[in-house]
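*Asks:* Here is my input; please provide its structure:
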Amino acid sequence: MPELAEKHCSSNPDLAPRLDDTGAKSLLSSIEAGWQLDLDQQSLSRQFEFKNYYQTMAFANAVAWIAHQQDHHPDMTISYRHCHIFYTTHSVKGLSINDFICAARIDALQSN
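*Replies:* Next comes the predicted model:
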């Protein structure tokens, strides 16, 4: 089975259905520490910190490129040295594997 970062998001709810709590918790262990799972809000989030505004914006643009490639877009809050990313899958009104695929792809940015 390919790593999450090697998978692609699907807009088909049959291929990326809403995860139950157990499924979401299981996938959380497949991504880097730091991601927060909020089962009440059905969201996955993480805050990233950088040395300066330019690094923050470069990261935010890289996340935007991942979102464009995967056609799965997070909510982001950007400030001078921080970028907070929030994922949920609106089409299934909760979390799906798409959220975890994108999180894994973002994790891969940090390891390069």
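*Asks:* contacting residues around the nearest residue to Met57 once chain neighbours are set aside?
*Replies:* Leaving out its chain neighbours, the residue that sits closest to Met57 by Cβ to Cβ, 6 or more residues apart in numbering is Ile78, at 7.3 Å. Just so you know, the C-beta spots here come from the backbone N, C-alpha and C atoms, and that holds for glycine as well. Each residue near Ile78 by Cβ atoms under 8 Å, 6 or more residues apart in numbering is listed here: Thr56, Met57, Ala60, His84.
*Asks:* for Ser96, same thing?
*Replies:* Pro13, Ala16, Pro17, Arg18, Leu19, Thr89.
*Asks:* now swap in Val63 and tell me
*Replies:* Pro74, Met76, Cys83, Ile85, Ile106, Leu109.
*Asks:* Just list what the helix or strand hosting the fourth one packs against, helices and strands only.
*Replies:* Looking back up the chat, that one is Ile85. Using DSSP states H and E, Ile85 maps to strand 82-87. Packing partners of strand 82-87 (3 or more Cβ pairs under 8 Å, 6 or more residues apart in numbering; DSSP states H and E): strand 43-49, helix 53-70, strand 75-78, helix 97-111.
*Asks:* again, only using 6 Å
*Replies:* Judged by 3 or more Cβ pairs under 6 Å, 6 or more residues apart in numbering; DSSP states H and E, strand 82-87 is in contact with strand 43-49, helix 53-70, strand 75-78.
*Asks:* mind checking how far it is from the chain centre?
*Replies:* 9 Å (Cα atoms, centre = their mean, to the nearest Å).
*Asks:* Show residues contacting it.
*Replies:* The contact list for strand 82-87 (Cβ atoms under 6 Å, 6 or more residues apart in numbering) reads 43-49, 56, 59-60, 74-77, 99.
*Asks:* how much does that strand deviate in direction from strand 43-49?
*Replies:* 170 degrees (axes from the mean of the first three to the mean of the last three Cα atoms, to 10 degrees).
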